[in-house]
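1. The sequence isn't on hand, but the structure is:
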């Protein structure tokens, strides 16, 4: 019952509209850029791997944009 009430709330509806953006970004990182299971253990290792992957993806985009000019 509580879950149904929560899903009917404005907060939930607003957040669910933004969810597809997050899922699309996760899918891109996993399928196009090899972001997979963390190669080190612990939350810090996972955060570092995520940050490094996102940094590498952003650098690829910057280089691609510079090459077009």
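-> Nice, I can see it. Bear in mind that the values here come from a model prediction, so they are computed numbers and not experimental data. Numbers count the residues shown, from 1 in each chain.
2. tell me what the least confident helix or strand in the chain by mean pLDDT is packed against?
-> The helix or strand of the chain with the poorest confidence is helix 10-32; it has a mean of 85 (mean pLDDT, DSSP states H and E). Contacts defined by 3 or more CB pairs under 8 Å, 6 or more residues apart in numbering; DSSP states H and E place helix 10-32 against helix 43-68. Every residue, glycine included, has its C-beta placed from N, CA and C.
3. Can you list the buried residues in the helix it packs on?
-> Buried residues in helix 43-68, defined by neighbour count with 16 or more other CB atoms under 10 Å: 49, 53, 57.
4. got the angle for the least confident helix or strand of the chain vs helix 43-68?
-> 70 degrees (axes from the mean of the first three to the mean of the last three CA atoms, to 10 degrees).
5. Would you format the buried residues of helix 43-68 as TSV with pLDDT and distance to residue 24 included?
-> Shown next, in TSV, are the buried residues of helix 43-68 (pLDDT from 0 to 100; distance: CB to CB, whole Å):
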residue	pLDDT	distance to residue 24
49	83	20
53	85	15
57	88	13
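6. now, among those residues, which is nearest to residue 26?
-> residue 53 (10.9 Å; CB to CB).
7. is it true that the closest one touches residue 29?
-> Yes - counting by CB atoms under 8 Å, residue 53 touches residue 29, with 5.9 Å between them.
8. what is in contact with the two at once?
-> residue 35 (CB atoms under 8 Å, 6 or more residues apart in numbering).
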